[in-house]
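Asks: coords below, sequence missing:
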C-alpha cells in the first residue's frame, strides 16, 4: 500500500508540475556566460582580469564591492616601467571592454549619464601618451590583438579628442578586447564567482586564470 501511495505521489507531481524543490532550483539557476544581470560585476571583473594579465602590474590583491553599489579592483602598478602608462590605460578601459564584450552595451565607466572616473582618467593618460610620440610604438609593443575596433571609445566624450589621442584610446580598447577575448572562459568564470557581489581575493582570481605569467623583479614605486 505504501508503495502505491509513493507511485501515486510521483504521478501527481508529474501531472501538476515540478516539485517545489526542483521549481525553486530552476528559478535560482545561475545565469549563463554572456547573460549576467549585474553590470557592476562585469565591469569590475573586466578591470581585474586585465590587471591579472598585465606585465606592468606588480600585484593584484582582489576586488572589493562597496555597500553603495560600486566596486574597486586593488592592483599595484610598477611606475618605473616604460609601458606603465599604456598598460594602465588598457586597465582603465577594462571595465568598459568587459561590459561591451558580455552585455554589448555600457552602463558604467562614465557613460549613460553616470559620473565615473574611468573616462576622464583614460583621456588624461591618452593625452600624455599621444604627446610622447607616434602610436606605432604601442602597436609594436602589443604586437597582436589589434584588429579593427568594433567600438569607438573617443566618440563617447562630449567633445571628441584630437585624432592622435583618439587613436591611442582606440588602440588601448582593442588591446583590452583581445586580452579578454582570448581569456574569455576565465573572465566568465570570474564574473559568475562575483555574481553575489562578495569580495574576491587574489586566490579567487588565480583560481579562474591560473598563476600570473608575469613575475616582476622590482616593486611598485
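Replies: Arrived safely, thanks for sending. On a predicted model such as this, the values are computed, not experimentally measured, just so you know.

Asks: for the lengthiest helix in the chain, list every residue counted as buried.
Replies: Counting residues, the longest helix found in the chain (DSSP state H) is helix 163-182. By neighbour count on 16 or more other CB atoms under 10 Å, the buried set for helix 163-182 is 165-180. Just so you know, the C-beta spots here come from the backbone N, C-alpha and C atoms, and that holds for glycine as well.

Asks: tell me the buried residues in stretch 191-204?
Replies: By 16+ other CB under 10 Å, the buried positions in stretch 191-204 come out as 191-195, 197, 200, 202, 204.

Asks: does residue 121 touch residue 92 like I think?
Replies: Yes. Counting by CB atoms under 8 Å, residue 121 does reach residue 92; the two are 5.3 Å apart.

Asks: and these two? Which one has more around it.
Replies: Using other CB atoms under 10 Å as the criterion, residue 121 and residue 92 rank with residue 92 on top: 24 against 16.

Asks: how many residues are close by the nearest residue to residue 194 once chain neighbours are set aside?
Replies: Among residues not flanking residue 194 along the chain, residue 41 sits closest, at 4.8 Å (CB to CB, 6 or more residues apart in numbering). By other CB under 10 Å, the residues close to residue 41 number 23.

Asks: longest strand of this protein?
Replies: Scanning the chain for the longest strand, with DSSP state E as the assignment, gives strand 57-65.
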